[in-house]
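Q: Got a predicted structure plus its sequence, pasted below:
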Amino acid sequence: MTAFSSEKGPLRPSRRMVLAGFSSAALVALTGCGGESGATAPASGAASGAAADFGTLEVQLSWLKNAEFAGEYFADSKGYYKDAGFSAVNLIAGGPGGASAETMVLSGKALVGTSSPVGVAPVVLNEGAPLKIIGSTYQKNPFTIVSLAANSITAPDDLVGKKIGVQAGVNETLFDALLEVNKIDASKVTKVPVQYDPQPLLNGDVEGFFAYLTNEVLTLELGGHKTAVLPFADNGLPFIAESFVVTEESIKDKRPELKAFLAATIKGWKDALADPEESARLAVEVYGKELGLTMAKEKGQAEAQNTKLIATPETDSNGLFTVSKELMDKNIEILKLAGYDTTADAIFDLSLLDEVYAENPDLK
C-alpha cells in the first residue's frame, strides 16, 4: 500500500477488511494483499481425539497475514481448532485482485470469511446472496484522518480550511460520508489526490491524511513523528469490521461446525488480547514470515487493535464477537445512509454466538 513496507496495505481500494464502499460504484472487492495463501503453522497441543470430525476448516481472511488475525493464529497454533473437531486449518490470505470473502463463502471454498456489514449488505440486497454475519472481531473500524501534531485534526470541524490527502475510490467515498454525516460543507475542505504512502503529510503537501489507526498512524509514530487522529468510528461512522460472514445454508446445515469455529476463535482472541508480543511473533515469524514484517510494527498493531477496536465494555460484559442491538442499529443506519435500506435481521444472525456462550459460559 505504501512505500514503507508490505505491512502497509490496509487502505488500498482493493481492501475488503472493513467494507466495500458506500455506493454501487465504490463496491469493489477490497481483499488485501500479499501473504502465502492458505499457509498455516502446524497446530500444537491438540487433543488426541476430538468429539467431532469436521474435516478441514477453510477461513478466508480479509487481508495479508499480519497481526490483524492474531486470534486465528493462536487458535490454530495452540490446537483450539483441532480440539474443536477440525482435522486441519487453512487460513487463506487476501490479495490484490483476489476473490472477496463473500465470493469465497458463497462458492463453498471457505466456511467463514471476514468482511463487514457494508461489505455484505450490497451483495445481499443487490444480488440476493444468502449471507449472514454471525459475529464481529472489531467493534469499531480503524479508519481515521491522521495529522501531525503541528496541524492537529481531532474533530470534524478541524477539517474546514484544511488540505486532506484522500485516495481515489472507496476511501474518497468514505471521506465524503464523513463530511456528510458531520454536516461539513465539502466546498470548505480541499481534497488532495494521494496514493497510500503518507509522505505528502510529512512533506507538508497536505495537513491530514486518510489512514488506518493500526497502520499508517503506527508507521508515522515509529518514524518519530507525533500524530493526532480523527477516528471515523467516533465521529458518525461507527461501523464494525472483521465480521464473520457465512451462508444461511451453513447456519442451517453446518451449525455445529460454525459454533466450533466461534468457540475456538474466541479462545484464540482471548490469548491474543493477553499477549500482543506473541501475537506479533506469530505474524512475523510464522504466518506472515514471507512478508518482511517487523516486530515493532506488528506489536504496535496488536496493542492498538486490542485496546481500540476489539475489547470494549460491551464485549467485557457480553463476550468477544458479540454485537449489541444498539451497535447493530447504528450499522443499519449507516447502510441506509449509503442507500441500502435493510434491517438487522437481514444482515445479522447472532443466534449461534448466543448458543456458544450459553453452552460455554467460561468463554466470557
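A: Structure received. On a predicted model such as this, the values are computed, not experimentally measured, just so you know.

Q: what's the span of stretch 223-243 from first residue to last?
A: Start-to-end span of stretch 223-243 (CA to CA, to the nearest Å) is 31 Å.

Q: go on, stretch 337-346?
A: End-to-end distance (CA to CA), stretch 337-346: 17 Å.

Q: So for that stretch, what gets flagged as buried?
A: Buried residues in stretch 337-346, counted by 16 or more other CB atoms under 10 Å: 338, 340, 342, 344, 346. In this view, the C-beta of every residue, glycine as well, is placed from N, C-alpha and C.

Q: For those, which two are the farthest from each other?
A: Largest separation among these by CB to CB: Ala338 and Ala344, giving 15.4 Å.

Q: so what's Asp234 up against?
A: Lys140 (CB atoms under 8 Å, 6 or more residues apart in numbering).

Q: scratch that, Asp158
A: 152, 230 are the contacts of Asp158 under CB under 8 Å, 6+ apart.

Q: for it, helix, strand, or coil?
A: Under DSSP: H, G, I helix; E, B strand; the rest coil, Asp158 falls in the helix class.

Q: and the gap between it and Thr173?
A: Note on Asp158: its distance to Thr173, by CB to CB, to the nearest Å, is 21 Å.

Q: Then Thr265?
A: The gap separating Thr265 from Thr173 is 31 Å, by CB to CB.

Q: Give me the more crowded residue out of those two.
A: Between Thr265 and Thr173, counted using other CB atoms under 10 Å, the more crowded position is Thr265 (28 against 20).

Q: what packs against the host helix or strand of the more buried one?
A: Element membership for Thr265, per DSSP states H and E: helix 255-274. Applying 3 or more CB pairs under 8 Å, 6 or more residues apart in numbering; DSSP states H and E, we find helix 255-274 packed against strand 55-60, helix 70-77, helix 80-83, strand 86-92, strand 131-138, helix 248-253, helix 276-281, helix 351-359.

Q: Would you point out the helix or strand in the protein whose mean pLDDT is lowest?
A: Sorted by mean pLDDT, DSSP states H and E, the helices and strands of the chain end with helix 170-181, the least confident at a mean of 87.

Q: Work out the sheet partners of the helix or strand that that one is followed by and label each with its direction, please.
A: Note on helix 170-181: by DSSP H and E, the next helix or strand toward the C-terminus is strand 190-193. Strand 190-193 sits in its sheet next to strand 163-166 (parallel), going by DSSP bridges.

Q: Give me the distance from the strand it pairs with to the chain's centre.
A: Its chain's average C-alpha position is 23 Å from that of strand 163-166, according to CA atoms, centre = their mean, to the nearest Å.

Q: again, but for stretch 265-284
A: How far stretch 265-284 lies from its chain's middle: 16 Å, per CA atoms, centre = their mean.

Q: hang on, Phe244 in a helix?
A: No. Counting by three-state DSSP, Phe244 is not found in a helix; it is strand.

Q: In the sheet, which residues pair with it? Tell me.
A: So, taking DSSP bridges as the rule, Phe244 has Thr114, Gly135 as bridge partners.

Q: now Thr227
A: Leu148.

Q: ok, the residue nearest to Ser324 when sequence neighbours are not counted - contacts?
A: Of all residues not flanking Ser324 in the chain, Glu314 sits nearest, at 5.2 Å (CB to CB, 6 or more residues apart in numbering). Residues counted as contacts of Glu314 (CB under 8 Å, 6+ apart) are 139, 322, 324, 327.

Q: and what of Val217?
A: Val217 neighbours (CB under 8 Å, 6+ apart): 144, 146, 211, 227, 229, 304.

Q: pLDDT value on it, please?
A: Per-residue pLDDT puts Val217 at 96.

Q: Just the element for it, please.
A: Take DSSP H and E as the rule and Val217 turns out to sit in helix 216-222.
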